[in-house]
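Chemist: show me the folded form of this:
(4 chains)
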There are 2 protein chains.
Amino acid sequence: MHKKITINDIATLAGVAKSTVSRYLNGGSVSQHTRQKIDRIVEEHNYAPNTFAQSLKQQVNHTIGVIVPRLDSIAQSDMLRGLDELNKNDTFLIVNIYQNSQRELAAIKKLQSQNVSGLIVLTANLTDDIREALKESQLPIVIQGQDEPDFHRVILNDMQAGQAVGQYLKTLTPKNVLLLKVDATLDRAVGHDRFVGIDDAVLGIPHKEVVTDFKLDVAKSDALIAMEKEKFDLIIGASDRIVVGAMQSAFSLHQQPRFIGFGKSYFSETVTPNLTSFEFDFFETGKQLYRLFLTIRDHPQTEIQRIVMDGKLVVRDSTDLM
Amino acid sequence: MHKKITINDIATLAGVAKSTVSRYLNGGSVSQHTRQKIDRIVEEHNYAPNTFAQSLKQQVNHTIGVIVPRLDSIAQSDMLRGLDELNKNDTFLIVNIYQNSQRELAAIKKLQSQNVSGLIVLTANLTDDIREALKESQLPIVIQGQDEPDFHRVILNDMQAGQAVGQYLKTLTPKNVLLLKVDATLDRAVGHDRFVGIDDAVLGIPHKEVVTDFKLDVAKSDALIAMEKEKFDLIIGASDRIVVGAMQSAFSLHQQPRFIGFGKSYFSETVTPNLTSFEFDFFETGKQLYRLFLTIRDHPQTEIQRIVMDGKLVVRDSTDLM
DNA sequence: TTGTAAGCGTTATCAC
DNA sequence: GTGATAACGCTTACAA
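Modeler: Numbering: from 1, shown residues only, chains lettered A, B, ... in the order given. Here you go, the predicted model:
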């Protein structure tokens, strides 16, 4: 209702100097008497400090830019939840760049011009431009995704993931395995690292490899083509979404192979049968990111940190039912 | 690398007054000569204005607080995408309140103290506290969700949704219908409005009503109990998630009823069979929200606006296949 | 075209 | 315990 009240207004209303009000607000020593007067006024007018003036004066602010590649993913929203979980005094300025590196570059620039006090980048793949822009920045920065040697980072142990799935695969004694991969040059962690252990495990087992795409439709039709030619009793996809595509193709072909996915998605427990999947704890990953960020913000000289998050295989009906 | 440079530094480096630099930056008249000098310096030092000082001076800023009830929902992320789509100069400060009204109240307070220039609230249900806090605020505010008469708002036409599903339902000539509702006192739009047309349509058709919960597990077990007692050939749920729960129960009972959901979710096209669902265009809803916000921000005296978004029934395999 | 100076709301220093 | 006063970086009359 009332116009925004300032420290100055309070001072005149209380008949004191603004510096006294400031002291009052910041817990300095104030006499009983003035304290009460100011108390009343602050209460009544619902005073809130002007954060711009504060930031300007104090030369610090508690806004952290968070760049996310997308929002419609459980991985991203869980990581954000992890950030929120540990947050006390910071404000996260979340920018969705819609998996577009142009937008990402623009976001970095814009966030810097907004004087954020640091950057948490959840995007996996840094282009040269972006890597450059981040390096030039004097801000504390933490990234999540690929294993970039020049940055403080929290990464997922995709190697371990592949090993675990490889081990498990053997216990299923499949007759013919279909591997749905993605282009390793676009996403090394997923396209390459995740499959090292699996490639090992399928040696000696009949199998076929198809390079497909993260999109559901593409994966679905690529899988369909492969499954029409020969029959598989185990299908492993580079991501849950890819596997769901394959499931739909299987359904339409009246086939019932077993399935293994990766990631942790909205799907694993809603598709039928529920999907066996190697899952990472993105919530915990978010917390680690924030901890790491605080560390390097408060100790700028810290040497480059690299935190690796392990995951675990969650066995559900898609490999268990039949 | 370099410490942050200010307008003052540029001025001394260029040997001019800082007001000249300011004029240069804001497109005022500057001579060829000085322009070039300043150009060089700005370029070289990668000058970016201090937004705090700017906002402090200009008494305006372009940060809009956006309160979302959750992030792991296609509805929310599509609305946010709608906001981004139309955005030119604003910065959205997104706060996830995790469907917790305590957090929501805190978020409103915090955003105000951060001097945002307005609020876009995507939460459906306002508690008295929150309604109060929003009313007291002198900021431009737009809400999405329930039909709150005192606020500028964009709402979904849940009445129309129910009518459309009711119409369609009749064409399916079901023998026995299961309606999975939610508590109307908690969410009137979903619990009540969505079912008006459906309740009409099932008059004269055998049917059963169960009040369940938005959570997948709860819906699943509530559906299971009902489905064990009698057999249904059509199941309608208040949300897609609820229907997915029912689908899983049907699967485990080896039943194959038809299904209709509401909302637009990550599930509709990943479950098998794909789900027939009444869908709203949340992307468009987000755009409308932003348009409405700009209108009321720029014309504070505008009378209360109410925008209604229609949706449409998308028929997929879950009612079509058998 | 350019410079001087005041002021945005806050904090901090330093006399009183 | 209190109150001038300067300063943070920027914009904006107004004067030169």
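
Chemist: where does the residue in chain A that DNA strand D sits nearest to land in three-state SS?
Modeler: Closest contact between chain A and DNA strand D, by C-beta to the nearest atom of the strand, is at A:Ser29 (2.5 Å). Glycine gets a C-beta too; all of them are placed from N, C-alpha and C. What DSSP: H, G, I helix; E, B strand; the rest coil gives for A:Ser29 is coil.

Chemist: nearest residue to A:Gln76 other than its sequence neighbours?
Modeler: Excluding the flanking residues, the one nearest A:Gln76 by C-beta to C-beta, 6 or more residues apart in numbering or on different chains is A:Val68, at 5.1 Å.

Chemist: who is that neighbour paired with across the strands?
Modeler: Assessed by DSSP bridges, A:Val68 has beta-bridge partners A:Asn96.

Chemist: how far away is it from A:Leu119?
Modeler: A:Val68 is 12 Å from A:Leu119, where distance means C-beta to C-beta, to the nearest Å.

Chemist: how about A:Leu122, phi and psi?
Modeler: Taking degrees, to the nearest 10, you get phi -90, psi 0 for the backbone angles of A:Leu122.

Chemist: can you report how many residues neighbour it?
Modeler: A:Leu122 is flanked by 26 other residues according to other C-beta atoms under 10 Å in any protein chain shown.

Chemist: residue contacts, it?
Modeler: The contact partners of A:Leu122, by C-beta atoms under 8 Å, 6 or more residues apart in numbering or on different chains, come to A:Val66, A:Ile67, A:Val68, A:Pro69, A:Gln76, A:Met79, A:Ile143, A:Gln144, A:Gly145, A:Leu289.

Chemist: A:Ala201 is in contact with A:Lys170, correct?
Modeler: Yes. Here A:Lys170 lies in contact with A:Ala201, judged by C-beta atoms under 8 Å, at a distance of 5.6 Å.

Chemist: now A:Asp129, nearest residue through space, not along the chain?
Modeler: A:Asp129's closest residue in space is A:Leu105 (C-beta to C-beta, 6+ apart), at 5.5 Å.

Chemist: what segments of chain A are strands?
Modeler: Secondary structure of chain A by DSSP state E: the strands cover A:63-68, A:91-96, A:118-121, A:141-144, A:152-156, A:177-182, A:207-212, A:234-237, A:258-263, A:276-280, A:306-309, A:311-314.

Chemist: B:Leu126: which of those is closest?
Modeler: Nearest to B:Leu126, of all these, is strand A:91-96, at 23.5 Å by C-beta to C-beta.

Chemist: in terms of pLDDT, where does the closest residue to A:Asn176 other than its chain neighbours sit?
Modeler: With C-beta to C-beta, 6+ apart as the criterion, A:Asn176 has its nearest non-adjacent residue at 4.6 Å, and that residue is A:Pro206. The score at A:Pro206 is 97. That number is its pLDDT.

Chemist: which bits of chain A sit near DNA strand D?
Modeler: A:15-20, A:23, A:28-31, A:33-34, A:53, A:56-57, A:59 (C-beta under 7 Å from any atom of the strand).

Chemist: pick out whichever of A:Lys170 and A:Ala201 has more residues nearby.
Modeler: Neighbours per residue, other C-beta under 10 Å: of A:Lys170 and A:Ala201, the larger number sits with A:Ala201, 21 against 13.

Chemist: residue contacts, the more buried one?
Modeler: Neighbouring residues of A:Ala201 by C-beta under 8 Å, 6+ apart: A:Val165, A:Gly166, A:Gln167, A:Leu169, A:Lys170.

Chemist: for it, which non-adjacent residue is closest in space?
Modeler: Closest residue to A:Ala201 apart from its sequence neighbours, by C-beta to C-beta, 6+ apart: A:Gly166 at 3.3 Å.

Chemist: what's the one you found in contact with, if anything?
Modeler: A:Gly197, A:Ile198, A:Asp200, A:Ala201, A:Val202.

Chemist: quick check on the last one: phi, psi?
Modeler: Read that as A:Val202. With angles defined as degrees, to the nearest 10, A:Val202 sits at phi -90, psi 0.

Chemist: one step back: show me the contacts for the residue nearest to A:Asn176.
Modeler: So A:Pro206 contacts A:Lys175, A:Asn176, A:Val177 (C-beta under 8 Å, 6+ apart).

Chemist: on contacts alone, who are the packing partners of the longest helix anywhere in chain A?
Modeler: Identified as the longest helix of chain A according to DSSP state H is helix A:282-298. On a contact count with 3 or more C-beta pairs under 8 Å, 6 or more residues apart in numbering or on different chains; DSSP states H and E, helix A:282-298 meets helix A:74-86, strand A:118-121, strand A:141-144, strand A:152-156, strand A:306-309.

Chemist: for chain B, what is the nearest residue in the stretch 201-322 of chain A?
Modeler: Nearest residue of the stretch 201-322 of chain A to chain B: A:Tyr266, at 4.3 Å (C-beta to the nearest C-beta).

Chemist: and stretch A:19-35, is it in reach of DNA strand C?
Modeler: Yes. Contact of stretch A:19-35 with DNA strand C is found when judged by C-beta under 7 Å from any atom of the strand, involving A:Ser19, A:Ser22, A:Leu25, A:Asn26.

Chemist: check the separation of the first and last residues in that stretch.
Modeler: End-to-end span of stretch A:19-35 (C-alpha to C-alpha, to the nearest Å): 13 Å.

Chemist: what's the average pLDDT for it?
Modeler: The pLDDT scores in stretch A:19-35 average 89.

Chemist: kindly report the same for stretch A:238-250.
Modeler: For stretch A:238-250, the per-residue pLDDT averages 93.

Chemist: and that stretch, which residues are buried?
Modeler: Buried residues in stretch A:238-250, counting neighbours by 16 or more other C-beta atoms under 10 Å in any protein chain shown, are found at A:238-250.

Chemist: what about stretch A:178-191, how long is it end to end?
Modeler: Chord length of stretch A:178-191, first to last residue, is 15 Å (C-alpha to C-alpha).

Chemist: only the buried residues of it, if you could.
Modeler: In stretch A:178-191, counting by 16+ other C-beta under 10 Å, buried: A:Leu178, A:Leu179, A:Leu180, A:Lys181, A:Val182, A:Ala184, A:Asp187, A:Arg188, A:Ala189, A:Val190, A:Gly191.

Chemist: okay, who's weakest in those residues by pLDDT?
Modeler: Within the buried residues of stretch A:178-191, lowest confidence goes to A:Asp187 (84).

Chemist: thinking that residue is in contact with A:Asn125, fair?
Modeler: Yes. The criterion here is C-beta under 8 Å, and A:Asp187 meets it with A:Asn125 at 6.3 Å.

Chemist: overlap of the contact sets of these two?
Modeler: Taking C-beta under 8 Å, 6+ apart as the contact rule, A:Asp187 and A:Asn125 both touch A:Gln146.

Chemist: so where's the stretch 51-200 of chain A uncertain?
Modeler: A:124 (pLDDT under 70).

Chemist: which parts of it sit against chain B?
Modeler: A:51-53, A:55-56, A:61, A:71-72, A:74, A:76-78, A:80-81, A:84, A:91, A:93-94, A:96, A:98, A:110, A:112-115, A:136, A:138 (C-beta under 8 Å from any C-beta of the partner chain).

Chemist: thinking again about what came up before, pLDDT of the longest helix of chain A, averaged?
Modeler: Across helix A:282-298, the average pLDDT comes to 96.

Chemist: any buried residues in that helix, and which?
Modeler: Buried residues in helix A:282-298, counted by 16+ other C-beta under 10 Å: A:282-290, A:292-294, A:296-297.

Chemist: what's the answer for stretch A:222-242, then?
Modeler: So, applying 16+ other C-beta under 10 Å, buried residues of stretch A:222-242: A:222-224, A:226-227, A:232-242.

Chemist: OK, contacts around the residue of the stretch 151-300 of chain A found nearest DNA strand C?
Modeler: Nearest to DNA strand C, among the residues of the stretch 151-300 of chain A, is A:Asp298, at 17.7 Å (C-beta to the nearest atom of the strand). Applying C-beta under 8 Å, 6+ apart, one finds that A:Asp298 lies in contact with no residue.
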